[in-house]
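Chemist: This is a predicted model, with the sequence first.
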Amino acid sequence: MVTTAAELIPEGANLGRLRAIAAGCTACDLHKTGTQTVWGEGTSTAEVMLVGEQPGDREDIEGRPFVGPAGHLLDSALESAGIDRSKVYVTNVVKHFKWEPKGKRRIHKKPNAAEVTACKPWLEAEIEWVDPDVVVALGATAAQALLGKDFRVTKQRGEFIQWPAPGGRMVTATVHPSSILRAPEGSRDAELGEFIRDLSLVAKHLAG
């Protein structure tokens, strides 16, 4: 078994080739329990790349990112923020669904540091190929994978930070839409409003 996906990535591979190789990735043990690798989706010339933690149950079944309830909320929030969903690339740090059983349901389980490290080269390859102007981390796992373990979404959401690797792009972070769905009913509208505000800052940045 390879130790990280970096060992699988050939130099100069395009998105189609990367996706095909990732389908057989065994860089961590999540390939044993996930139905399939869930690769990123969207235009290869996107100005914005949205990065979540990992696919959920629906995404694992369909093999596409952000097609479950959190994805539907994201679509609505992007529209409210004035960002054209068809011009966005969406993906996750970890490409397999990590879960634990609860009755007949499969419940999301947070990936550990080794799993994030093993899978991160796929994300880095996506970023390099798509070359977006802004990368938006959705949630703490994505934010810390991109900006370091000391980054705190609760304190730094909405900030624009220079990408440490070559490319000149900016990275910003906000909550994952799934956290809004889990919020108490009384605070959900306020949480959604803050999420749309963060995405509106991205739209404003793109507009110059």
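Modeler: Cool, the structure landed. A quick note: this is a predicted structure, and the numbers were derived from the prediction, not measured.
Chemist: pLDDT on stretch 160-172, on average?
Modeler: Mean per-residue pLDDT for stretch 160-172: 83.
Chemist: Kindly report the same for stretch 58-78.
Modeler: Mean pLDDT, stretch 58-78: 97.
Chemist: who does the residue lying closest to Trp99 once chain neighbours are set aside bridge with?
Modeler: What sits nearest to Trp99 in space, not counting adjacent residues and going by CB to CB, 6 or more residues apart in numbering, is Arg106, at 4.1 Å. (Each C-beta comes from the backbone N, C-alpha and C, glycine too.) Listed by DSSP bridges, the beta-bridge partners for Arg106 are Pro101.
Chemist: From Thr33, how far out is Arg106?
Modeler: According to CB to CB, to the nearest Å, Arg106 and Thr33 sit 9 Å apart.
Chemist: higher neighbour count, those two?
Modeler: Using other CB atoms under 10 Å as the criterion, Arg106 and Thr33 rank with Arg106 on top: 18 against 14.
Chemist: now the helices: where do they sit in this structure?
Modeler: Assigned by DSSP state H, the helices in the chain fall at 15-22, 57-62, 69-81, 113-130, 140-147, 153-156, 177-182, 185-207.
Chemist: so which of those helices gets nearest Leu50?
Modeler: Leu50 lies closest to helix 69-81 among the helices of the chain, at 7.3 Å (CB to CB).
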